[in-house]
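Engineer: Using only what follows, build the 3D model:
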Amino acid sequence: MIKTAIILAGGLGTRLRSAVGDFPKCMAPVAGLPFIHFVIAALQKEGIENFIFSLGYKSEVIIDYANTHYPALQKKYVIETTPLGTGGAIKAACEAVIEKNAIVVNGDTLFLADIATLSSFHETHEAGCTIALKEMTAFDRYGAVEINSDQSIKAFKEKQFCQHGTINGGVYALTVSTLLNEAFPEVFSFEKEYLEKNTGTGKLYGVINNHYFIDIGIPEDYQRFQDEYKMILAKNKLVYSPDSTQEFLNLLTA
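Structural biologist: Now for the predicted structure:
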């Protein structure tokens, strides 16, 4: 099983600025806890042991938090001095990975995907990248992803209203050499320059995980996560603290 995760947390978060000020998106507070706390806890719950934080905007805030609250965590920081795009950021972080494969997640998204299943599928199929997909209904914020009968990626669709489909949940099992050994510009989009360009090559696969998913990139969904967190804890008579996080995550997947 893959034991290393890259957390992408370098974005400016301009769409969320009205709700969280100049905080990095992943540090948006939820009942006194930064959102990245839930991302780390979810990955630990799935067996991740090594963390690589891909940082940019206000990296010192995230580093200070991680060093203070996770002193024993096996962690590395890779910092963009200039924006590299999602592809450039992932590629730079891959330089710090010592395993063959890594899990890649977004610091502003909580997708409780089954990492063991994703890892097993990825390794068995010797894929370049295996995407955790999420089934959704009546959506237009995300583009749909189509897969073939063997679960290889058939197509990425542009963002438009879709009554039912699967989306890219932003959790990837990635063979690091696929980025490190190929020629990419320093700044590039992982989605456009890697995923879309490799569609149909047999290197990309998708695994559907119908577990909890939230992307706090817009104020409405950030507020929804806060409301859901408080509601679930209150319903189950749990207190708002780091100690209740694993119970909270268990309830989300119950």
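
Engineer: which stretches of the protein form strands?
Structural biologist: Listed from the start of the chain, the chain has strands (DSSP state E) covering 4-9, 29-30, 33-34, 50-55, 74-79, 101-106, 109-111, 129-139, 143-147, 153-159, 162-175, 204-208, 213-215.

Engineer: max-length helix in this structure?
Structural biologist: helix 219-235 (DSSP state H).

Engineer: Low-confidence regions, the stretch 1-150 of the chain specifically.
Structural biologist: The stretch 1-150 of the chain contains residues with pLDDT under 70 at 13, 15, 17-19.

Engineer: Report how many residues lie close to H164.
Structural biologist: By the criterion of other CB atoms under 10 Å, H164 has 10 neighbours. C-beta coordinates here come from the backbone N, C-alpha and C atoms, glycine included.

Engineer: OK, contacts around it?
Structural biologist: By CB atoms under 8 Å, 6 or more residues apart in numbering, H164 lies in contact with E135, M136, T137, A138.

Engineer: Among those residues, name the buried ones.
Structural biologist: Buried members of these, counted by 16 or more other CB atoms under 10 Å: M136.

Engineer: if I look at L251, how far off is T166?
Structural biologist: From L251 across to T166, the span is 25 Å (CB to CB, to the nearest Å).

Engineer: If you count surrounding residues, which of the two has more?
Structural biologist: The neighbour comparison of L251 against T166 (other CB under 10 Å) goes to T166, with 20 against 15.

Engineer: Who are the contact partners of the closest residue to that one other than its chain neighbours?
Structural biologist: Spatial nearest neighbour of T166, chain neighbours left out: L133 (4.3 Å); criterion: CB to CB, 6 or more residues apart in numbering. Contact analysis of L133 by CB under 8 Å, 6+ apart lists V145, I147, T166, I167, N168, G169, G206, V207, I208, N209.

Engineer: Equivalent analysis for Q226, please.
Structural biologist: V30, A31.

Engineer: Tell me the confidence at it?
Structural biologist: Turning to Q226, the model gives it a pLDDT of 96.

Engineer: quick one: it and E220, what's the gap?
Structural biologist: Q226 sits 11 Å away from E220, taking CB to CB as the criterion.

Engineer: Likewise for F111?
Structural biologist: 18 Å.

Engineer: cool, L110 as well?
Structural biologist: Between L110 and E220 the computed distance is 16 Å (CB to CB).

Engineer: follow-up on the earlier one: between F111 and E220, which has more neighbouring residues?
Structural biologist: Shown here are F111 and E220; by other CB under 10 Å, F111 has more neighbours (20 against 9).

Engineer: re the thing from before, so which of the contacts of L133 comes closest to V187?
Structural biologist: Of all these, V187 sits closest to N168, with 20.8 Å by CB to CB.

Engineer: contacting residues for that closest one?
Structural biologist: Taking CB under 8 Å, 6+ apart, we find N168 in contact with I131, L133, Y142, G143, V145, F156, E191, L195.

Engineer: partner residues bridging it?
Structural biologist: Assessed by DSSP bridges, N168 has beta-bridge partners L133.

Engineer: And the one 4 residues further on, by the same measure?
Structural biologist: Applying DSSP bridges to Y172 yields these beta-bridge partners: V104, I131.

Engineer: got it, and K159?
Structural biologist: Bridge pairing for K159 (DSSP bridges) gives the partners G143.

Engineer: That one and L8: what is the separation?
Structural biologist: Taken as CB to CB, the span from K159 to L8 is 20 Å.

Engineer: now do E186
Structural biologist: Relative to L8, E186 is positioned 17 Å away (CB to CB).

Engineer: Many thanks, have a good one.
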